[in-house]
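Trainee: with the sequence up front, the predicted model follows.
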Amino acid sequence: NGSMLTLPYNTIAWKPIAYRENSRLLLAADCEGEIEEWILPNTDGGSFYHGTSIVEGKALDGQTSCTHCLDFFSDGRRFLAGTSDACIRMYDLETKQKLHECRGKEGFGP
């Protein structure tokens, strides 16, 4: 039928404190190299809505790597992603830009 296979989310990170104008944030990552933001308004009965795709795997040096873990910095403005290519990457939540990358030991990753 021509539809694309969508992989399930591999890991999530929850930010229960205010993110944007009275909302909370959930990051969800898959094994296609994409990290998405889901926003939950701080209203009773509110439901999540999709924000933006923060990272697409193909944008990361042309390679796709599975994201295995996500975590927020205590300042709430940055987050880390640990990936199957033996990297830990730091991103700015507002600009969606990669700030830093740490490569693992030789012999790990693809």
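Mentor: Cool, got the structure. None of the values given here were measured: they were computed from a predicted structure.
Trainee: gap between Tyr9 and Pro16?
Mentor: In this structure, Tyr9 lies at 18 Å from Pro16, with C-beta to C-beta, to the nearest Å as the measure. For glycine as for every other residue, the C-beta is placed from the backbone atoms N, C-alpha and C.
Trainee: and what of Arg89?
Mentor: 23 Å.
Trainee: and if you look at Arg78?
Mentor: Computed as C-beta to C-beta, the Arg78 to Pro16 distance reads 17 Å.
Trainee: more crowded one of the two?
Mentor: For the pair Arg78 and Pro16, the greater number of neighbours falls to Arg78 (16 against 10), based on other C-beta atoms under 10 Å.
Trainee: pretty sure the more buried one contacts Asp92?
Mentor: Yes: applying C-beta atoms under 8 Å, one finds Arg78 in contact with Asp92, separated by 5.8 Å.
Trainee: anything in contact with each of those two?
Mentor: The overlap between the contact sets of Arg78 and Asp92 (C-beta atoms under 8 Å, 6 or more residues apart in numbering) consists of Leu99.
Trainee: was I right to think Arg103 contacts Cys87?
Mentor: Yes: assessed by C-beta under 8 Å, Arg103 is found in contact with Cys87 at 5.6 Å.
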